[in-house]
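In: generate a structure from the sequence data that follows.
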Amino acid sequence: LDVRPSDFNLDIKSGTHASQVAKLMIEFEKVLIKEAPVFVVVLGDNNSSLGFALATSKLNIPLIHIEAGMRSKNWIMPEEKNRVVIDQLADMNICYLPEHRENLIREGINSRRCWVVGNPIIEVVHSVQPTFHQDNPFYLVTCHRAENLEIKENLNKILTFLGKLYQKKNIEIKFILMPKAKIMMEKYEFEFPEGIIPIAPQGFLEFLGMEKEAELVLTDSGTVVEECAIFGTPCITIRESTERIDLIELGVNSLSGMDVDQMLDATNVTLSHNIEPVTHYGKNISDKICNILIGNSLNFSKNSSR
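Out: Numbering: from 1, shown residues only. Predicted coordinates:
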């Protein structure tokens, strides 16, 4: 990928949400004090972004949030809480779509703190060559969110659904077994149904290739949904809600809910449609972001503009 090695490794292990964010704040604060950056950029809605954002804001260093303004309206999701907090802390919110900016303005964030640039994931996907190929058809599954893994009933429903899907379609189902999923499978003493093949997490290029080659992708990830939309791969979000509402409205993604029959219905509907690659993510997004940072952040005032 031609990406240089990171300058810092905070060495934060997995743990509870509170312990993870607290440790991130403590360790990242040390970096901020030592390096004294002009500004800090965070992307996304995970605990790392939240910890970095809190530490940055506490030191009154300008904070830029990329992927701002997405909302699932599901307050149970840890990521939804993270999004709202980071957006409120950020001095500059870089939004992918106009509706994301509108979300922020409705929440009382000054419009002068919000920019719309498009989605840079399309530049990433188009700049690399995926390295996976398989002649035989397969479905691809990823599952990592707390509500799908930590709630026993939900994980059981997903496994039941996948087992029934294999019985109906007789197509191999590759399940990317993330560490958290492995832990919860063992904790609940669950077994994978027939036809479900657990595989280790893949490298970025290999995984992109899997997304591109799959007949269908089933996921609770937001970024995976975007990548599938760029490839034109049929994709179902295994959740009750999504922050990628634009892809639902465009018909390139379906929301299954957590009922087994609903999941099967969503699969049948999705596979019956011809999915075209999306084009609404824009062009030259990275250049736009850089121009915004160069043109605005150095002169940013933390007084009346907020």
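
In: helices of this structure, start to end?
Out: For the chain, applying DSSP state H gives helices covering 17-35, 47-58, 78-89, 98-106, 121-127, 146-149, 152-169, 179-187, 204-213, 222-231, 245-250, 260-271, 285-296.

In: closest to residue 140 out of those helices?
Out: helix 204-213 (5.3 Å; C-beta to C-beta). Backbone N, C-alpha and C define where each C-beta goes, glycine included.

In: quick one: the closest one to helix 222-231, angle?
Out: Going by axes from the mean of the first three to the mean of the last three C-alpha atoms, to 10 degrees, helix 204-213 is angled at 60 degrees with respect to helix 222-231.

In: give me the contacts around helix 204-213.
Out: Here helix 204-213 makes contact (C-beta atoms under 8 Å, 6 or more residues apart in numbering) with 1, 125, 128-134, 138, 140, 174, 176, 201-202, 217, 224, 227-228, 231, 233.

In: over to stretch 269-279?
Out: With contact meaning C-beta under 8 Å, 6+ apart, stretch 269-279 is reached by 215-216, 229-236, 247, 250-252, 254.

In: buried ones in that stretch, by neighbour count?
Out: Applying a neighbour-count criterion of 16 or more other C-beta atoms under 10 Å, the buried positions in stretch 269-279 are 270, 275, 278.

In: got the domain ranges for the chain?
Out: Following automatic domain parsing, the chain resolves into domains at 17-118+283-299, 127-271.

In: nearest to residue 10, of those domains?
Out: Across those, residue 10 has its closest neighbour in domain 17-118+283-299 (4.3 Å, C-beta to C-beta).

In: so residue 220 touches residue 148, yeah?
Out: Yes - counting by C-beta atoms under 8 Å, residue 220 sits close enough to residue 148 to count as a contact (5.2 Å).

In: returning to that earlier point: closest one to residue 196 among the helices of the chain?
Out: Nearest to residue 196, of the helices of the chain and by C-beta to C-beta, is helix 152-169 at 5.3 Å.

In: any buried residues in stretch 206-215, and which?
Out: Those would be 207-214, for stretch 206-215 by 16+ other C-beta under 10 Å.

In: in a markdown table: these, plus distance to residue 259 and pLDDT.
Out: Putting these into a markdown table (distance: C-beta to C-beta, whole Å; pLDDT from 0 to 100) gives the following:
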| residue | distance to residue 259 | pLDDT |
| --- | --- | --- |
| 207 | 28 | 97 |
| 208 | 31 | 97 |
| 209 | 32 | 97 |
| 210 | 27 | 98 |
| 211 | 25 | 98 |
| 212 | 29 | 96 |
| 213 | 29 | 97 |
| 214 | 23 | 98 |
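
In: for residue 6, state which of those residues is nearest.
Out: Within those, the smallest distance to residue 6 is 20.2 Å, found for residue 207 (C-beta to C-beta).

In: list the contacts for the nearest residue to residue 235 once chain neighbours are set aside?
Out: Computed as C-beta to C-beta, 6 or more residues apart in numbering, the closest residue to residue 235 that is not its neighbour in sequence is residue 228, at 3.8 Å. Residues in contact with residue 228, defined by C-beta under 8 Å, 6+ apart, are 211, 217, 219, 234-235, 252-253.

In: which of the residues you listed fall within strands?
Out: Using DSSP state E, the subset of the contacts of residue 228 located in strands is 217, 219, 235.

In: in this structure the second one contacts residue 234, no?
Out: Okay, so that is residue 219. No - if you go by C-beta under 8 Å, residue 219 and residue 234 don't touch, sitting 11.5 Å apart.

In: now flag whichever of the buried residues of stretch 206-215 is closest to residue 92.
Out: Nearest to residue 92 among the buried residues of stretch 206-215 is residue 208, at 29.4 Å by C-beta to C-beta.

In: how far away is that closest one from residue 75?
Out: 32 Å (C-beta to C-beta, to the nearest Å).

In: got it, and residue 180?
Out: For residue 180, the distance to residue 75 - C-beta to C-beta - is 21 Å.

In: okay, these two: which has more neighbours?
Out: The neighbour comparison of residue 180 against residue 75 (other C-beta atoms under 10 Å) goes to residue 180, with 16 against 8.

In: the more buried one contacts residue 155, doesn't it?
Out: No - counting by C-beta under 8 Å, residue 180 does not reach residue 155; the two are 10.8 Å apart.

In: joint contacts of these two?
Out: residue 149.

In: about what we covered before: for residue 65, find the nearest of the helices of the chain.
Out: Counting by C-beta to C-beta, residue 65 lies closest to helix 78-89 out of the helices of the chain; the figure is 5.1 Å.

In: for the chain, which spans come out with low pLDDT?
Out: Scanning the chain for pLDDT under 70 picks out 297-306.

In: hmm, back to that, okay if I get the buried residues of stretch 206-215 as CSV plus distance to residue 11?
Out: Listed next are these as CSV, based on distance: C-beta to C-beta, whole Å:
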residue, distance to residue 11
207, 25
208, 28
209, 31
210, 30
211, 30
212, 34
213, 35
214, 34
